[in-house]
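Novice: predicted model and sequence follow; I will ask about them next.
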Amino acid sequence: MGLALSSLANYILPTVMSMTGLGLALGLLLLNRRKRKNLVINWHFLRSCNYNCKFCFHTAKTSHVVSLEQARKGLRKLYQKGMTRINLSGGEPFLKPKFLGQVCEFCHSELNIRVSIVSNGSKIKKSWLKKYGDFVDVLAISWDSFNENTLKTIGRMEKKKGRHTKQLKRISSWCKEYNIKFKINTVLCSANKNETMVKEIKELNPCRWKVFQCLLIHGENAGEGAIRDAKEMVVSRKEFDDFIKRHKEIKCLVPENNECMRNSYLILDEYMCFLNNTKGDKRQTVNILDNTEEALTDSGFDSTRFKNRTGEWCTSNLEW
């Protein structure tokens, strides 16, 4: 019976909005019984950042952060819809260290889901990991080069501070101490496309090295309304593939070109709305606090692309 209801829900989904009366009520009832499992939610809970990366695709257009009470309510709703991992990002999440720690503790201890964080690393302190490290499964550091001049060109550093690489090594050591998986995220762009990082990556030995092709998002880092212009940072598919081939001996390397990335992430913004990128920009859905199912359905999420890019690497198989 459950399988039949699920199949019927999938059938009525494209037409449910055109139904009226009893038909609409039945359609929504079946839709709400639709089963989703093992969702990975990427929550960019703030846009503020202390860096000025030229290619940033989620820029500081607002300073809004929801209350802890709203956060817990929204996350619980997502848990009830099948969320099994939350990936906390920004902006720079460690600009709100107490809020970040409280959210990690809530997700890990009360919801019993996995917790990962994406950070530029600059504001991470050992004392924070000592207090909240038990509630974190994965810590990913956004890092693009071991060359400080390259980092300066990209904008991945604070003014007059050139200690990003040293901090990266400290964080790697802290993660081992507190039993947290250490991951590196790299955006391949015009500034670092010709670099070779095999030696350094082997020394750091992350559990996963994700390399992204610089992506343009209308209204964020390109086009009208954007506060960045990343066009000069873009690399071609061939340049991206050449970089990947040059680093093929790195076993933990996971490449993501533009085609792999687009629509393969469930991205929740600072207002707790999903961001639909199917048309190249970011369109907000209804707030999950108001209607979680409608927000998920309208998110533009492509579950096939998610699976193809091995998005399930630390969760069970997705059911969408």
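Specialist: Nice, thanks for sending it over. Numbers count the residues shown, from 1 in each chain.
Novice: give me the residues contacting stretch 142-151.
Specialist: Under the contact criterion Cβ atoms under 8 Å, 6 or more residues apart in numbering, stretch 142-151 has outside partners 118-121, 154, 156-157, 162, 164-165, 168, 184-189, 191-192, 195, 197, 200. Placement of C-beta: from N, CA and C, glycine included.
Novice: can you say which of the residues you listed are buried?
Specialist: 118-121, 154, 156-157, 164-165, 168, 184-189, 191-192, 195, 197, 200 (16 or more other Cβ atoms under 10 Å).
Novice: now intersect those residues with the helices, please.
Specialist: Among the buried ones among the contacts of stretch 142-151, DSSP state H puts 154, 164, 165, 168, 200 in helices.
Novice: how distant is the helix or strand where residue 293 lies from the center of its chain?
Specialist: Using DSSP states H and E, residue 293 sits within helix 292-297. Here the centre of helix 292-297 is set off from its chain's centre by 18 Å, with Cα atoms, centre = their mean, to the nearest Å.
Novice: could you list every helix and strand in contact with it?
Specialist: If contacts are counted by 3 or more Cβ pairs under 8 Å, 6 or more residues apart in numbering; DSSP states H and E, helix 292-297 sits against helix 21-32, helix 68-80, strand 273-276, strand 283-287.
Novice: mean pLDDT lowest where, among those?
Specialist: Of all those, helix 21-32 carries the lowest average pLDDT, namely a mean of 52.
Novice: where along the stretch 101-250 of the chain do the strands fall?
Specialist: For the stretch 101-250 of the chain, the strands defined by DSSP state E, counting those that start in this stretch cover 114-119, 138-142, 181-188, 208-213.
Novice: what mean pLDDT does the longest one have?
Specialist: Translated: strand 181-188. Averaging pLDDT along strand 181-188 yields 98.
Novice: partners of it, with directions?
Specialist: Using DSSP bridges, strand 181-188 pairs in its sheet with strand 138-142 (parallel), strand 208-213 (parallel).
Novice: so where is this protein shaky, pLDDT-wise?
Specialist: The chain contains residues with pLDDT under 70 at 1-34, 159-162.
Novice: find the centremost residue of it, please.
Specialist: Centroid-nearest residue in the chain: residue 42, 4.1 Å away (criterion: Cα atoms, centre = their mean).
Novice: dump the residue contacts of it.
Specialist: Residue 42 makes contact with 87, 89, 265, 266, 267, 268, according to Cβ under 8 Å, 6+ apart.
Novice: which among those end up buried?
Specialist: Neighbour-count burial (16+ other Cβ under 10 Å) is assigned, among the contacts of residue 42, to 87, 89, 265, 266, 267, 268.
Novice: what's the closest of those residues to residue 251?
Specialist: The nearest member of the buried ones among the contacts of residue 42 to residue 251, counting by Cβ to Cβ, is residue 87 at 22.5 Å.
Novice: could you look up the SS state of that closest one?
Specialist: strand (DSSP: H, G, I helix; E, B strand; the rest coil).
Novice: ok, it - contacts?
Specialist: Shown in contact with residue 87 (Cβ under 8 Å, 6+ apart): 40, 41, 42, 43, 116, 117, 118.
Novice: would JSON lines of these with distance to residue 219 be doable?
Specialist: As requested, those are exported to JSON lines (distance: Cβ to Cβ, whole Å):
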{"residue": "40", "distance to residue 219": "24"}
{"residue": "41", "distance to residue 219": "22"}
{"residue": "42", "distance to residue 219": "18"}
{"residue": "43", "distance to residue 219": "20"}
{"residue": "116", "distance to residue 219": "26"}
{"residue": "117", "distance to residue 219": "26"}
{"residue": "118", "distance to residue 219": "21"}
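Novice: closest to residue 207 out of those residues?
Specialist: residue 116 (11.0 Å).
Novice: that closest one pairs with what?
Specialist: When bridges are called by DSSP bridges, residue 116 pairs up with residue 87, residue 138.
Novice: right, and it touches residue 88 too?
Specialist: Yes - here residue 116 lies in contact with residue 88, judged by Cβ atoms under 8 Å, at a distance of 7.1 Å.
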